[in-house]
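> I would like to see how this sequence folds:
(one chain, ligands or ions: 2)
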Amino acid sequence: MASTFQVQVVATTPYSDQKPGTSGLRKRVKVFQQEHYTENFVQSILRSVRYPDSVVPEGATLVVGGDGRYYLQDAIQIIIKIAAANKVGKLIIGQNGLLSTPAASNLIIRRKADGGILLTASHNPGGPTKDFGIKYNCRNGGPAPEVVTNRIYEDTKTLSEYYMAEVPDVDLTKLGTQTVGAMEVEIVDPVQDYAALMRELFDFERIQEFLRVYKDQFTVLFDAMHGVTGPYAHRIFTVELGLPESVLMNFHPLSDFGEGHPDPNLTYAHELVERVRQESIQFGAAFDGDGDRNMIISHDWFVNPSDSVAVIANHAARFPKFRQTGIRGVARSMPTSGALDLVGKALNIKHFEVPTGWKFFGNLLDNGDIDICGEESFGTGSGHIREKDGMWAALAWLNILADMSLNAQKLITVREVVAEHFHQFGRHYYSRYDYEDVDLDAAKKMMAHLEDLTASQALVGTAVNGFHVTHMDNFSYIDPVDGSKTTNQGLRILFKDGARVVFRLSGTGSHGATVRMYLEQYESDRAKCFQDVPQVLQPLIQTALQLSKLTEYTGRSKPTVIT
Ligand code: G6P
Ligand code: ZN
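Numbering: from 1, shown residues only. Ligands and ions are numbered 1, 2, ... in the order given. Got it, this is the predicted structure:
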């Protein structure tokens, strides 16, 4: 490869729309393909990490990779050229540009890199007319905090030139180290380090034994949804755990995810859901495009993500990692149900409620306050990395099922694990209604109406359709570690006896608005823990719609997705 190169100084004009959202800059591919658009943003990233608490780019090591979506290869070649011209020391890149988000986080941590550039729009569809994304992660392996993303954004507004090495494209298929001028480019196997980490965290031998003993009864199916987890699932579930390849579906990464929507929920992962039901499969798991989200189901049960993290936390002592010490604390995002809080109380450990967004767990994890955390948006994880981790969640469930079944000397099913949980804690009935592609103005007006209701506090102390309003607010959070304050995180209406409604606008969309309505109702009567969710929640749903005037404002009478 080139041993020296010319640096091209390219004059550019700033774009005004490069403000990173909840998870980096996420836009249509066409937007990134505009002249200088991607180059500007990458240059601004490198200029903005030139501050204390991060490193100057000179000599820095950065991890680069993405979920396989359309435009990934182009973006990586741009990053290589801009990084070389900015005197970055080394890039660690997944082979063929692939790295799941959890694997990228792991590489940043294990290889002591200074940060990483993750190329993903997560669970959003991919392809020439769909979405792409660029996200910066810091040296703790987690998404950059707002101080850093704001700095990047400020920089994009004034950028007048960027630097590019005049070099040919790097061959991303070839494992090993190449050089671009003084910069090293190491192409790594995207799975190896990650699989090694999973082996440390979970009891692979016990899972293998369980899969062997119950191979006729315990059927499994994993759906990679044509995202990046295919190669990870292949290595871990077939090569390491000895399952046949037939347990994997959609495990070849495709740049358009097979024209699918790689979001593991009951709507978009319907292919898995149907097969699991038809074939009476005991354990099904799906992962999103970049591998950080997960859905766990069985033929007779859908594990709500809020319950999933609570179950995992409650059984964490079964994992080798926590066998001696137990877990120190747990945390959930505000819209996630309170099921995890009850586990925290029962284990007599700390429990936290943070705003939506995995980055809010970062300080608590870094500070050793918590070991397990999760969100209703199909995110579950622990302190092993600084991203949520879909494969980790599936392995956690397998470890739990293996340990319980081998101890009981009979197969314990997913439904039985959940039933035992409800028996111990009661049940948080939960549902989320998503109204996608709503007119932004209409959505804002609806939120403003709810703000007004909240500000007046007129409803507090009154009953609406028999629901007694005890509290209304716009959720805000003070980080207990660094004292930073985050406001405006969703409108909450709390009712007596543990019912709750939350409204917020999605922060991850690339256009229009998505209104999210979160519904939760606690049931302590153990005899009433196996009722139909929509039926139980119906009165609360009606009340939420009535109070928000959602249909009136948005014109929507039905949600796009229900989870
Ligand atoms: C991403 C983040 C999650 C967050 C979710 C919320 O997936 O990584 O931490 O929960 O977005 O998305 P929303 O669309 O509700 O803002
Ligand atoms: Zn994702």
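
> I'd like to know how far the single nearest residue of the stretch 1-150 of the chain relative to ligand 2 sits from residue 133.
Nearest residue of the stretch 1-150 of the chain to ligand 2: residue 122, at 3.2 Å (C-beta to the ion). For the C-beta atoms, the positions are set from N, CA and C on the backbone; glycine is no exception. Using C-beta to C-beta, to the nearest Å, residue 122 is found at 7 Å from residue 133.

> And residue 402, by the same measure?
36 Å.

> now do residue 37
From residue 37 to residue 133 the distance is 13 Å (C-beta to C-beta).

> between those two, which one's more packed in?
Applying other C-beta atoms under 10 Å to residue 37 and residue 133 shows that residue 133 carries more neighbours, namely 29 against 19.

> Tell me the bridge partners for the more buried one.
residue 26 (DSSP bridges).

> Grab the nearest non-local neighbour of residue 69.
Counting by C-beta to C-beta, 6 or more residues apart in numbering, residue 69 lies nearest to residue 126, which is 3.4 Å off, once chain neighbours are set aside.

> On the pLDDT front, check the one you found for me.
On pLDDT, residue 126 comes in at 97.

> Ok, residue 49 next?
81.

> That one and ligand 1: what is the separation?
From residue 49 across to ligand 1, the span is 21 Å (C-beta to the nearest ligand atom, to the nearest Å).

> Am I right that that residue is in contact with residue 148?
Yes. Taking contacts as C-beta atoms under 8 Å, residue 49 lies within contact range of residue 148: 7.2 Å.

> list residues touching both of those two?
residue 136 (C-beta atoms under 8 Å, 6 or more residues apart in numbering).

> and the residue nearest to residue 119 when sequence neighbours are not counted, what does it touch?
Nearest-residue entry for residue 119: residue 66, 2.9 Å, with adjacent residues in sequence omitted and distances by C-beta to C-beta, 6+ apart. If you count contacts by C-beta under 8 Å, 6+ apart, residue 66 has them with 72, 75-76, 97-99, 118-120, 228, 290.

> what do you get for residue 185?
Residue 185 sits in contact with 1, 80, 90-91, 93, 170, 177-179, where contact means C-beta under 8 Å, 6+ apart.

> That one in helix, strand or coil?
What DSSP: H, G, I helix; E, B strand; the rest coil gives for residue 185 is strand.

> Dig out what it forms beta bridges with.
Beta-bridge partners, per DSSP bridges, of residue 185: residue 91, residue 178.

> Quick check: it vs residue 92, distance?
In terms of C-beta to C-beta, residue 185 sits 8 Å off from residue 92.

> and for those two, which residues touch both?
Residues touching both residue 185 and residue 92 (C-beta under 8 Å, 6+ apart): none.

> Could you verify that residue 365 is part of a helix?
Yes. The assignment for residue 365 (three-state DSSP) places it in a helix.

> how close does it sit to residue 332?
13 Å.

> between the two, what contacts are shared?
With C-beta under 8 Å, 6+ apart, residue 365 and residue 332 have common neighbours residue 373.

> Comparing those two, which shows the higher neighbour count?
Higher neighbour count among residue 365 and residue 332: residue 332, with 29 against 25, using other C-beta under 10 Å.

> hang on, the more buried one is in a helix, isn't it?
No. Assessed with three-state DSSP, residue 332 is strand; it does not lie in a helix.

> so it bridges to which residues?
Taking DSSP bridges, one obtains residue 353, residue 374 as the residues bridged to residue 332.

> Correct me if wrong: it contacts residue 344.
No. Between residue 332 and residue 344 there is no contact under C-beta under 8 Å: 9.2 Å.

> Find residues that contact each of the two.
In contact with both residue 332 and residue 344: residue 351, using C-beta under 8 Å, 6+ apart.

> Please enumerate the strands of the stretch 1-150 of the chain.
7-11, 25-28, 61-66, 90-98, 115-119, 131-137 (DSSP state E, counting those that start in this stretch).

> Residues in contact with the fourth one: which ones?
Put plainly, it is strand 90-98. Against strand 90-98 from outside (C-beta under 8 Å, 6+ apart): 60-68, 72-73, 76, 79-80, 83, 99, 103-104, 107, 111, 113, 119, 170, 172-173, 175, 183-190, 228, 231, 253.

> Does residue 414 touch residue 303 like I think?
Yes. Contact criterion C-beta under 8 Å: residue 414 and residue 303 qualify, at 6.5 Å.

> Find residues that contact each of those two.
Shared contacts of residue 414 and residue 303, counting by C-beta under 8 Å, 6+ apart, come down to 296-297, 397.

> Just put those in a markdown table and tack on pLDDT and secondary structure.
Output for those, formatted as a markdown table (pLDDT from 0 to 100; DSSP: H, G, I helix; E, B strand; the rest coil):
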| residue | pLDDT | secondary structure |
| --- | --- | --- |
| 296 | 98 | strand |
| 297 | 98 | strand |
| 397 | 98 | helix |
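
> Buried ones in stretch 190-210, by neighbour count?
Across stretch 190-210, burial judged by 16 or more other C-beta atoms under 10 Å covers 190-191, 193-195, 197-198, 201-204, 206-207, 210.

> same deal with stretch 434-452?
Within stretch 434-452, the residues that qualify as buried are 434-435, 438, 442-443, 446-447, 449-450, counting by 16+ other C-beta under 10 Å.

> picking up where we left off before, which residues are in contact with each of residue 122 and residue 133?
23, 26.

> quick one, phi/psi of the closest residue to ligand 1 within the stretch 51-200 of the chain?
Closest to ligand 1 within the stretch 51-200 of the chain is residue 122: 5.7 Å, counting by C-beta to the nearest ligand atom. The phi/psi pair for residue 122 (degrees, to the nearest 10) reads phi 50, psi -110.

> Tell me where the stretch 51-200 of the chain has helices.
Along the stretch 51-200 of the chain, counting by DSSP state H, counting those that start in this stretch, helices occupy 72-85, 101-110, 146-156, 192-201.

> Residue 138 and residue 318, how far apart?
32 Å.

> Count residues in the vicinity of residue 349, would you?
18.

> cool, and residue 213?
Count around residue 213 with other C-beta under 10 Å applied: 15.

> how about it, what does it touch?
With contacts taken as C-beta under 8 Å, 6+ apart, residue 213 has the following neighbours: 405-406.

> Please read off the pLDDT at it from the model.
97.

> now the one 3 residues further on
We have a pLDDT of 95 for residue 216.

> Residue 356 and residue 502 touch, don't they?
No. Contact criterion C-beta under 8 Å: residue 356 and residue 502 do not qualify, at 9.7 Å.

> No further questions, thank you.
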